[in-house]
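Trainee: Have a look; sequence and predicted model below, questions after that.
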Amino acid sequence: MDILHAIATNNLYFFILAKPFFISLPFPTLITTHESLNKKIMENLLSPVFPILLTMCIFSQISPSYALTHDYIRPPARGLVLSQHKRSESDPQQVHISLAGKDHIRVSWITDDKKVPSIVEYGKVPGEYNAMATGEHTSYHYFFYSSSKIHHVKIGPLETDTIYYYRCGGYGPEFSFKTPPPSFPIEFAVVGDLGQTEWTNSTLAHVRSKDYDVFLLPGDLSYADTQQPLWDSFGRLVEPYASSRPWMVTEGNHEIETFPIIQPHGFKAYNARWRMPYEESGSSSNLYYSFDVSGTHIIMLGSYTDFDADSAQYKWLQADLSKIDRKKTPWVIALLHAPWYNTNSAHQGEGESMRKSMEDLLYKARVDIIFAGHVHAYERFTRIYDNKADPCGPMYITIGDGGNREGLALK
Ligand SMILES: [Fe+2]
């Protein structure tokens with residue numbers, strides 16, 4: 001189902017897991033803007049093929065927009081994949097790493113045994129750990145669920161473009177990761193709305209086939225949706241990938257998990273398990289942060305926390321953008337969950353308030369690309385600002401088709 005779509009521009013590579021929506025249309029070119037979409041639809045309306053397709057629509061009672069993709073039938077959602085815990089209580093599970101400030105990596109993992117220390121031993125030779133760091137731990141309760149011990153340990157300084165071997169808590173298997181390169185070229189894998197289904201496995205198999213440097217996820221990770229053991233299952237599913245390359249995530253609506261009166265604040269599991277470098281980037285919230293990697297400044301915005309002009313996120317973004325040095329990071333990329341531009345009927349208009357509040361800031365800072373998830377389809381826009389094609393605006397890419405249980409957006 002997934003195809004690996006690569007955008008390579010000036011030594012910056014994005015491997016984007018996308019359904020073949022845009023190549024399987026009868027249109028000869030990519031759909032880019034609303035205008036070009038309308039133009040292409042009109043061309044098809046006038047073509048001799050369209051009356052035949054329209055007849056098929058009427059008789060099969062499917063929508064014309066679906067019929068225009070007649071040569072590609074979007075496959076249905078696939079079943080949940082549960083990943084069992086097969087290690088001992090003191091062994092690390094759900095190991096994942098993230099960039100944590102200059103030359104540092106944060107190692108996060110979970111143990112059932114609460115006595116396991118929050119330490120990481122590491123080195124450049126397998127089994128030989130000549131460095132060690134101590135970190136912190138947390139846990140949380142959600143209704144009748146009590147999490148195991150969640151460890152976060154920051155290690156470094158680390159050399160760039162180097163393989164490190166590491167062990168968590170002094171027990172269990174050895175893991176390894178590669179640090180990003182010091183400069184271009186760099187490769188990102190970008191996947192939104194991942195979930196934990198057989199399609200998720202398909203997406204991750206594509207990820208595995210590339211020697212990428214950093215994984216970017218613009219929200220909707222586990223689709224646990226208050227079923228906390230599904231967060232554990234998701235952590236185990238992605239561990240082979242997230243323990244070997246930095247996984248940088250921001251929150252989607254499926255991370256909120258509020259419940260009236262009992263769980264009023266939301267993001268309890270997400271913030272405890274997927275701690276990102278917000279303090280390192282001057283943010284006061286794990287829900288929005290930024291980082292530099294190999295000549296790229298990446299801004300992870302929060303679609304589900306305040307974003308209006310007097311909000312903490314807005315003020316942080318203003319300050320963050322003002323500090324960018326394009327000589328050091330000529331590329332500036334932002335990720336957020338609910339897309340600001342979207343021609344699907346699914347989630348139509350949901351990112352509009354945030355766009356109205358923050359688009360101007362990103363436009364004036366000349367952000368290059370903005371990735372979003374949420375809509376379970378692939379869509380790419382030309383450079384655009386305030387709903388008009390603009391050569392100085394960012395390119396918008398929706399990439400919310402990672403494989404979750406809800407399936408693809410169909411209209
Ligand atoms: Fe979403």
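Mentor: Everything's here; your move.
Trainee: Close to the ion: what parts of the stretch 251-400 of the chain are there?
Mentor: Residues of the stretch 251-400 of the chain lying close to the ion (Cβ under 5 Å from the ion) are 252-253, 374. No exception for glycine: its C-beta is placed from N, CA and C like everyone else's.
Trainee: rerun at 6 Å
Mentor: The stretch 251-400 of the chain has residues 252-254, 337, 374 near the ion, with proximity defined as Cβ under 6 Å from the ion.
Trainee: Adding neighbour count, distance to residue 275 and secondary structure, write the residues you listed out as a markdown table.
Mentor: Converted to a markdown table, these look like this (neighbours: other Cβ atoms under 10 Å; distance: Cβ to Cβ, whole Å; DSSP: H, G, I helix; E, B strand; the rest coil):
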| residue | neighbour count | distance to residue 275 | secondary structure |
| --- | --- | --- | --- |
| 252 | 28 | 17 | coil |
| 253 | 18 | 20 | helix |
| 254 | 23 | 18 | helix |
| 337 | 31 | 18 | coil |
| 374 | 27 | 22 | coil |
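Trainee: buried sites along stretch 231-247?
Mentor: Neighbour counts over stretch 231-247 (16 or more other Cβ atoms under 10 Å) mark 231-239, 241-247 as buried.
Trainee: same question, stretch 112-124
Mentor: For stretch 112-124, by 16+ other Cβ under 10 Å, it's 116-122.
Trainee: re earlier: for the residues of the stretch 251-400 of the chain next to the ion, give me TSV that also has pLDDT.
Mentor: Listed next are those as TSV, based on pLDDT from 0 to 100:
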residue	pLDDT
252	98
253	98
254	98
337	98
374	98
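Trainee: what's the closest of these to residue 144?
Mentor: residue 254 (20.7 Å; Cβ to Cβ).
Trainee: quick one, what contacts the closest one?
Mentor: By Cβ atoms under 8 Å, 6 or more residues apart in numbering, residue 254 lies in contact with 219-225.
Trainee: hmm, back to that, reformat the buried residues of stretch 112-124 as JSON lines; add secondary structure and distance to the ion.
Mentor: As requested, those are exported to JSON lines (DSSP: H, G, I helix; E, B strand; the rest coil; distance: Cβ to the ion, whole Å):
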{"residue": "116", "secondary structure": "coil", "distance to the ion": "34"}
{"residue": "117", "secondary structure": "coil", "distance to the ion": "37"}
{"residue": "118", "secondary structure": "coil", "distance to the ion": "32"}
{"residue": "119", "secondary structure": "strand", "distance to the ion": "36"}
{"residue": "120", "secondary structure": "strand", "distance to the ion": "32"}
{"residue": "121", "secondary structure": "strand", "distance to the ion": "38"}
{"residue": "122", "secondary structure": "strand", "distance to the ion": "35"}
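Trainee: How about the secondary structure of whichever residue of the stretch 51-200 of the chain sits closest to the ion?
Mentor: Scanning the stretch 51-200 of the chain for the residue nearest the ion gives residue 193, at 5.8 Å (criterion: Cβ to the ion). In three-state terms, and counting by DSSP: H, G, I helix; E, B strand; the rest coil, residue 193 is coil.
Trainee: ranges for the helices of this structure?
Mentor: Using DSSP state H, the helices found in the chain span residues 21-24, 34-46, 49-60, 64-67, 198-208, 229-242, 268-273, 312-322, 352-364.
Trainee: measure the most centrally placed residue in the chain to the ion for me?
Mentor: Geometric centre of the chain, nearest residue: residue 217, 0.8 Å, by Cα atoms, centre = their mean. From residue 217 across to the ion, the span is 12 Å (Cβ to the ion, to the nearest Å).
Trainee: picking up where we left off before, quick one: which of the buried residues of stretch 231-247 is nearest to the ion?
Mentor: Of the buried residues of stretch 231-247, the one sitting nearest to the ion (Cβ to the ion) turns out to be residue 234, at 15.0 Å.
Trainee: ok, the closest one touching residue 204?
Mentor: No - using Cβ atoms under 8 Å, residue 234 makes no contact with residue 204, being 11.5 Å away.
Trainee: Could you check how many residues crowd around the residue lying closest to residue 228 once chain neighbours are set aside?
Mentor: Distances taken as Cβ to Cβ, 6 or more residues apart in numbering place residue 145 nearest to residue 228, at 4.0 Å, with adjacent residues excluded. When counting by other Cβ atoms under 10 Å, one arrives at 14 neighbours for residue 145.
Trainee: cool, and the one 4 residues further on?
Mentor: Burial of residue 149, expressed as a neighbour count using other Cβ under 10 Å, amounts to 18.
Trainee: just residue 164 next, same as before
Mentor: Going by other Cβ under 10 Å, the residues that sit close to residue 164 add up to 23.
Trainee: And the closest residue to it other than its chain neighbours, how far from residue 348?
Mentor: Counting by Cβ to Cβ, 6+ apart, residue 164 lies nearest to residue 122, which is 5.3 Å off, once chain neighbours are set aside. Distance from residue 122 to residue 348, counting by Cβ to Cβ, to the nearest Å: 47 Å.
Trainee: Brilliant, that's me finished.
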